[in-house]
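Enquirer: no sequence on this one, just coordinates:
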């Protein structure tokens, strides 16, 4: 388990744009602590309560799907890192070892197909895409890397 304070300093030349990091087993019991970790950082970064709520909703959907994937596979861990991108926006990077999975494809209907890639997760994918400014998903060295880049401005129509 790796956790850093508000400045992310590990004391060994850590990347200065890291604000904090938390790792937990990919289990449903870990979600409240991971969500609170991110919300605390968002508050420190000046995000309003409504925007924090939007991001938390999207992050909860993503984390829940990661946990469900872990339960179907070999288990795994989740690491959430909050940092600044080169332009000062907040990045929430979620890395998991729960087996190959890409929530962002769930609502895609490929040419020649009649249904989305993953009908059961379609609504979760749409919600995440509506709440987050920029989303990236990739598979790197046996891990899934989901990156949310967020700004303090509200995304959902109020």
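Expert: Cool, the structure landed. Not measured: the values here are computed from a predicted model.
Enquirer: alpha carbons only for contacts and neighbour counts from here, please
Expert: Will do.
Enquirer: So which residue is dead centre in the chain?
Expert: Centroid-nearest residue in the chain: residue 94, 4.5 Å away (criterion: CA atoms, centre = their mean).
Enquirer: now that one, which residues is it bridged with?
Expert: residue 80, residue 146 (DSSP bridges).
Enquirer: looking at it, it is touching residue 139, isn't it?
Expert: No: Residue 94 is not in contact with residue 139 according to CA atoms under 8 Å; the separation is 11.7 Å.
Enquirer: and for the two, which residues touch both?
Expert: residue 145 (CA atoms under 8 Å, 6 or more residues apart in numbering).
Enquirer: returning to what we had before: give me the distance between the residue nearest to the centre of the chain and residue 22.
Expert: Look at residue 94 and residue 22: by CA to CA, to the nearest Å, they are 10 Å apart.
Enquirer: shared neighbours of the two, anything?
Expert: Joint contacts of residue 94 and residue 22 (CA under 8 Å, 6+ apart) are 79, 80, 81.
Enquirer: Can you turn the buried part of the residues you listed into a ChimeraX selection?
Expert: Buried residues among these (16 or more other CA atoms under 10 Å), as a ChimeraX selection:
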select :79,80,81
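Enquirer: Return the residues in contact with the closest residue to residue 54 other than its chain neighbours.
Expert: Among residues not flanking residue 54 along the chain, residue 131 sits closest, at 5.9 Å (CA to CA, 6 or more residues apart in numbering). Contacts for residue 131 (CA under 8 Å, 6+ apart) come out as 54, 55, 58, 155, 156.
Enquirer: list the contacts for the residue nearest to the centre of the chain?
Expert: Here residue 94 is in contact with 78, 79, 80, 81, 144, 145, 146, 147 (CA under 8 Å, 6+ apart).
Enquirer: Go through the residues you listed and name the one nearest residue 103.
Expert: Nearest to residue 103, judged by CA to CA, of those is residue 146 at 9.0 Å.
Enquirer: Counting neighbours, what do you get for the closest one?
Expert: Residues near residue 146, counting by other CA atoms under 10 Å, number 20.
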